[in-house]
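this one's structure only:
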């Protein structure tokens, strides 16, 4: 059996964040809280999670010094932090040239979109997994679709554009809505990204049979709205525009059926200060405790370099020895 073994050599002490497979990590997901006001069935446990503390701005500055060029503010649900605009402003000061976006469920954007834009946020990605109120409530355990729509309008008015929509497609749940989402994208100019259902749910109830291959999604939409491929983007999704020139577009993230691990450039910092080199990693390296114990920036940078250097070649969802991480997506940060 092919099993991953950590490298026996030390990471480079300077230059970009490099792993042993030659990939450069320059895209950071920062989870600013693991708290959330939704309880999506494929992510959160129904009873919720303890709100953990973070000391993030100094760490972000170190990541920027190591070559990180884009960050996504995540959670949990980042907008439940009362001080989020202040934190975003601090992030912007730590990285004036950073491409900075945020993933959110959108229900608090009606009052936060403008303050976040003024604080330095560039754009938002809003998670929305159904356009039907009753189905949306069933999937998120919240009756809040109207609030999401209001948040999207506020984000557009605040200039947090282009707006992207993340839709996790689950067989037997919402796969019949993919064409409706494409029509919605055309109407409002959104880019809807369909994400394959991944084994990151808190209840560990993921079933391979419920994964809807991205190719099926593209084919279903293309029969109604012909598509033109634009290739991979930096997120990374395979992107498509509408052949008739309509606004908006779609993308697919085929993490299960067509893994893109060989080009992955992502790192994640959890709400507890753990750095993860892969969404499905089974190990993390702690930054928060060394930071609180007086570690220098150089010592913290060394920990980050080690985490990247030990990154494996890719997740093993399609292998018989795959082990689902103990943490759910809400604890890792999207």
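All right, it came through fine. What you are looking at is a predicted structure, and each value in this text was computed from that prediction instead of being measured. Numbering: from 1, shown residues only.

Show me the shaky parts of the stretch 51-200 of the chain.
51-54, 199-200 (pLDDT under 70).

For residue 100, which three-state class applies?
Under DSSP: H, G, I helix; E, B strand; the rest coil, the three-state class of residue 100 is strand.

Doesn't residue 166 lie inside a strand?
Yes - read with three-state DSSP, residue 166 is one of the residues of a strand.

Quick check: closest non-adjacent residue to it.
residue 127 (4.6 Å; C-beta to C-beta, 6 or more residues apart in numbering). (C-beta placed from N, C-alpha, C; glycine too.)

To what extent is the one you found buried, counted in neighbours?
By the measure other C-beta atoms under 10 Å, the count of residues near residue 127 is 21.

residue contacts, it?
Counting by C-beta atoms under 8 Å, 6 or more residues apart in numbering, residue 127 touches 40, 103-106, 165-168.

measure it to residue 197 for me?
Applying C-beta to C-beta, to the nearest Å, the value for residue 127 to residue 197 is 14 Å.

for residue 295, same thing?
The separation that residue 295 has from residue 197, given C-beta to C-beta, amounts to 39 Å.

ok so, going back, shared neighbours, residue 127 and residue 197?
With C-beta under 8 Å, 6+ apart as the test, residue 127 and residue 197 both reach residue 168.

Specify the beta-bridge partners of residue 73.
Using DSSP bridges, the beta-bridge partners of residue 73 come out as residue 30, residue 102.

how near is it to residue 266?
Relative to residue 266, and taking C-beta to C-beta, residue 73 is found at 14 Å.

Also residue 293?
Between residue 293 and residue 266 the distance is 27 Å, computed by C-beta to C-beta.

cool, residue 84 as well?
22 Å.

between the two, who's got more neighbours?
Higher neighbour count among residue 84 and residue 266: residue 84, with 23 against 19, using other C-beta under 10 Å.

neighbours around the closest residue to the more buried one other than its chain neighbours, how many?
Closest residue to residue 84 apart from its sequence neighbours, by C-beta to C-beta, 6+ apart: residue 78 at 6.0 Å. For residue 78, the neighbour count with other C-beta under 10 Å is 28.

Surely residue 78 touches residue 102?
Yes - assessed by C-beta atoms under 8 Å, residue 78 is found in contact with residue 102 at 5.9 Å.

For the nearest residue to residue 244 once chain neighbours are set aside, give me the pLDDT.
Excluding its sequence neighbours, the residue lying closest to residue 244 (C-beta to C-beta, 6+ apart) is residue 226, at 7.1 Å. Here the pLDDT value assigned to residue 226 is 98.

which residues touch residue 226?
Residue 226 touches 242-244, counting by C-beta under 8 Å, 6+ apart.

Break down this protein into its helices, ranges please.
57-65, 84-94, 109-119, 133-140, 145-158, 178-188, 214-224, 288-292, 297-309, 329-332 (DSSP state H).

Deepest-packed of the ones you listed, please.
helix 329-332 (a mean of 25; mean count of other C-beta atoms under 10 Å).

just to revisit the earlier point, may I see the ChimeraX selection of the buried members of the contacts of residue 127?
Typed into ChimeraX, the line below selects the buried ones among these, using 16 or more other C-beta atoms under 10 Å:
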select :40,103,104,105,106,165,166,167,168
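
What is the nearest of the contacts of residue 127 to residue 219?
For these, the closest approach to residue 219 (C-beta to C-beta) belongs to residue 167, at 16.5 Å.

wouldn't the closest one be in contact with residue 184 here?
No - between residue 167 and residue 184 there is no contact, the gap being 10.0 Å when judged by C-beta under 8 Å.

Give the intersection of the neighbour lists for the two.
residue 192.

okay if I get the contacts of residue 127 as TSV plus distance to residue 115?
As requested, the contacts of residue 127 are arranged in TSV below (distance: C-beta to C-beta, whole Å):
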residue	distance to residue 115
40	25
103	17
104	13
105	17
106	15
165	22
166	22
167	27
168	28
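
Out of the contacts of residue 127, which is nearest to residue 7?
residue 103 (31.1 Å).

need the contact list for that closest one.
72-75, 78, 124-127, 166, 334.

Now do the same contact list for residue 307.
267, 275-277, 284-285.

Quick check: mean pLDDT of stretch 250-263?
83.

Give me the distance from it to the chain's centre.
13 Å (C-alpha atoms, centre = their mean, to the nearest Å).

Can you give me the end-to-end span of it?
21 Å (C-alpha to C-alpha, to the nearest Å).

Residues touching it, excluding its own?
Contacts of stretch 250-263 (C-beta under 8 Å, 6+ apart): 21, 23, 164, 181-182, 185, 191-198, 208, 211, 213-215, 217-218, 221, 227, 232-233, 235-240, 278, 313-315, 317-318.

Tell me the buried residues within the residues you listed.
Buried among those by 16+ other C-beta under 10 Å: 23, 164, 181-182, 185, 191-198, 211, 213-214, 217-218, 221, 227, 235-240, 278, 314-315, 317.
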